[in-house]
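K.L.:
I would like the atomic coordinates for the input below:
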Amino acid sequence: MSDTHELLKLKAEGLHEWQIELYEQELRFCYVNARYTSKACGGHGKAHQNELIAEKYKEKIKEFGGRVPTEKEVNRWGRFNGDGSY
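P.N.:
Predicted coordinates:
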C-alpha cells in the first residue's frame, strides 16, 4: 500500500495530520527501543523477537514515508525493555 493511500485511509478514519505525525513518532520511539533492546540483551530469543518487532515498526514507518532512525539515534535514544520492545 502506498503511503499516499495509507494517509488518505487514516484521514478518512477521521485522523488529522497532527494525529498521524504523533503515530509516526510513536512508531519511531518503539523502533529505537526494540532495536536497542535487541542489541543489548544477552539472550538470543529475546534479541530475535525484538529484531522481528523492530522490522515491523520499520516497515510501517516507511509506509508513511517517514525516516527510519539511524543506529546512532538508536544508541542515543533507545531504552532497554522500553515501550515497544519485547
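K.L.:
From now on I want contacts and neighbour counts done on CA atoms only, so please keep to that.
P.N.:
Noted.
K.L.:
Mind checking the pLDDT average for stretch 23-41?
P.N.:
Averaged over stretch 23-41, pLDDT sits at 93.
K.L.:
Could I get the buried residue list for that stretch?
P.N.:
By neighbour count on 16 or more other CA atoms under 10 Å, the buried set for stretch 23-41 is 24, 27-39.
K.L.:
now stretch 74-86
P.N.:
Buried residues in stretch 74-86, defined by neighbour count with 16+ other CA under 10 Å: Val74, Asn75, Gly78, Arg79, Phe80, Asn81, Gly82, Gly84, Ser85, Tyr86.
K.L.:
Quick check: Arg28 touching Glu59?
P.N.:
No: the criterion here is CA atoms under 8 Å, and Arg28 misses it with Glu59 at 10.8 Å.
K.L.:
Most widely separated two among the buried residues of stretch 74-86?
P.N.:
Asn75 and Tyr86 (17.3 Å; CA to CA).
K.L.:
Need the contact partners of the helix of greatest length in the chain.
P.N.:
Assignment by DSSP state H gives helix 17-40 as the longest helix of the chain. Helix 17-40 is contacted from outside by 7, 10-11, 46-51, 53-55, 57-58, 60-61, 64, 66, 68-69, 73-75, 77-86, using CA atoms under 8 Å, 6 or more residues apart in numbering.
K.L.:
quick one: low-confidence parts of the chain?
P.N.:
For the chain, residues meeting the criterion pLDDT under 70 lie at 1-12.
K.L.:
I'm done for today, thanks for sticking with me.
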